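Enquirer: Got a sequence here, can you model it:
(2 chains)
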Protein chains: 2
Amino acid sequence: MEYPEALERLVQDLRRLPGIGRKSAERAAFSVLEMDEEDVRTFAEDLVEARTQIHRCRVCGNITQDEVCAVCADPRRDHSVICVVRDVQDVLALEKTNEYRGTYHVLHGSISPMDGVGPDDLTINELLARLDGSVEEVILATSTDVAGQATATYLQSVLKPKDVTVTRIAYGVPVGTSLQFADEVTLAKALEGRRGVDA
Amino acid sequence: MEYPEALERLVQDLRRLPGIGRKSAERAAFSVLEMDEEDVRTFAEDLVEARTQIHRCRVCGNITQDEVCAVCADPRRDHSVICVVRDVQDVLALEKTNEYRGTYHVLHGSISPMDGVGPDDLTINELLARLDGSVEEVILATSTDVAGQATATYLQSVLKPKDVTVTRIAYGVPVGTSLQFADEVTLAKALEGRRGVDA
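Expert: The predicted structure follows:
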């Protein structure tokens, strides 16, 4: 017996979501059959609304339903500092700390020649356009993997001629874990980034 | 920063799917933002169509887009044998073996007084209604957990007065695994169900 056509189509749609294989997609599709029809209609509307109403902030590339995102529109944020991240999830992770009061710039990717992603595929020109004299510091918060490192190196080179301080976030042993659980590269970074302490 | 409202609603919808937690729902929602708008609209339509067009087969309770499911409508199937299962996924699992040529009856649950599920909440009356003299064998294929066993026991009692052979599928060591990986209950079932071999 084959799945009814309408169910098979839904399974295929669900499989396109990240981390959902054939089995999970089947379980999810069956659960949809058991849901209230009204809830399913709402789910369907929410899908289309999220896709059509959410777009990139004109300034920083973060997501928003307005022209400018909540961070860029907030006058209490420090607009002289820009933290450069790979994607929107990074913004959300940093916002959860409640520590950072500057703004962001979302690159929407990392430089990776192997994957055919070059500087022009990211929002680097938009970042440079923001450096109109009012920006004092650009914090590079791309990851430490090859692509993140390549991106940071490239950004450093294009930011060098600009009148702006460029910093990189600290990498080291995560707080709350034991040294023995940290990998060698992280430990090396932690040693390299050591700082003086008050005696 | 909060999620844009339209995104948060989609995350909540996705979380209602089985096996999807907050993190997976967020990842899935972000992937929807990156999808082609046309694909998202199709996904939304497929959700509603699956929910509205798929219903239970009038005869056996299996899912179908027609009045009667593909198995019940197939004249090449042996309609004198009914295999009773808990849910539709069990039908699909048995169909994948390509071994079974009879029909099915889907109970849509197991008897479980703790969860307030009694015989009347299952399709047992519909099963009894099918025993019109043309059915020769009812195979009980409910699982071996407490609820599945309780359901099998109940079915045995209501089927006893009927002029029909009642059988239970064999439980034992799964093919291809070593004895040492089988749990004790399975091993006990395997011993209990031993059969003579040709010397």
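
Enquirer: need the contact list for residue A:29.
Expert: A:7, A:10, A:11, A:14, B:50 (C-beta atoms under 8 Å, 6 or more residues apart in numbering or on different chains). For the C-beta atoms, the positions are set from N, CA and C on the backbone; glycine is no exception.

Enquirer: where do the strands sit along chain A?
Expert: Along chain A, counting by DSSP state E, strands occupy A:55-56, A:63-64, A:78-85, A:102-106, A:137-140, A:165-168.

Enquirer: The top helix by length along chain A to helix B:37-53, inter-axis angle?
Expert: Longest helix in chain A by number of residues (criterion: DSSP state H): helix A:37-53. In terms of direction (axes from the mean of the first three to the mean of the last three C-alpha atoms, to 10 degrees), helix A:37-53 departs from helix B:37-53 by 180 degrees.

Enquirer: which strands and helices sit next to helix A:37-53?
Expert: The contact analysis (3 or more C-beta pairs under 8 Å, 6 or more residues apart in numbering or on different chains; DSSP states H and E) places helix A:37-53 against helix B:5-15, helix B:22-34, helix B:37-53.

Enquirer: Give me the distance between the residue nearest to residue A:156 when sequence neighbours are not counted and residue A:122.
Expert: Leaving aside its chain neighbours, residue A:156 sits nearest to residue A:166 (6.0 Å; criterion: C-beta to C-beta, 6 or more residues apart in numbering or on different chains). According to C-beta to C-beta, to the nearest Å, residue A:166 and residue A:122 sit 17 Å apart.

Enquirer: Who has more neighbours out of the two?
Expert: Comparing residue A:166 with residue A:122 by other C-beta atoms under 10 Å in any protein chain shown, the one with more neighbours is residue A:122, at 23 against 15.

Enquirer: which residues does the spatially most central residue of chain A contact?
Expert: Nearest to the mean C-alpha position of chain A, by C-alpha atoms, centre = their mean, lies residue A:87 at 2.2 Å. Counting by C-beta under 8 Å, 6+ apart, residue A:87 touches A:106, A:107, A:108, A:109.

Enquirer: ok, now with 10 Å
Expert: Residue A:87 sits next to A:61, A:62, A:63, A:93, A:106, A:107, A:108, A:109, A:110, B:30 when contact means C-beta atoms under 10 Å, 6 or more residues apart in numbering or on different chains.

Enquirer: What's the local residue count around the residue lying closest to residue A:185 once chain neighbours are set aside?
Expert: Of all residues not flanking residue A:185 in the chain, residue A:144 sits nearest, at 7.4 Å (C-beta to C-beta, 6+ apart). Per other C-beta under 10 Å, the neighbour tally for residue A:144 reads 13.

Enquirer: Equivalent analysis for residue A:10, please.
Expert: If we define neighbours as other C-beta under 10 Å, then residue A:10 has 28 of them.

Enquirer: how deep is the residue lying closest to it once chain neighbours are set aside tucked in, by neighbour count?
Expert: Sequence neighbours aside, residue B:50 is the residue nearest to residue A:10 in space, at 4.2 Å (criterion: C-beta to C-beta, 6+ apart). The tally of other residues near residue B:50 (other C-beta under 10 Å) stands at 26.
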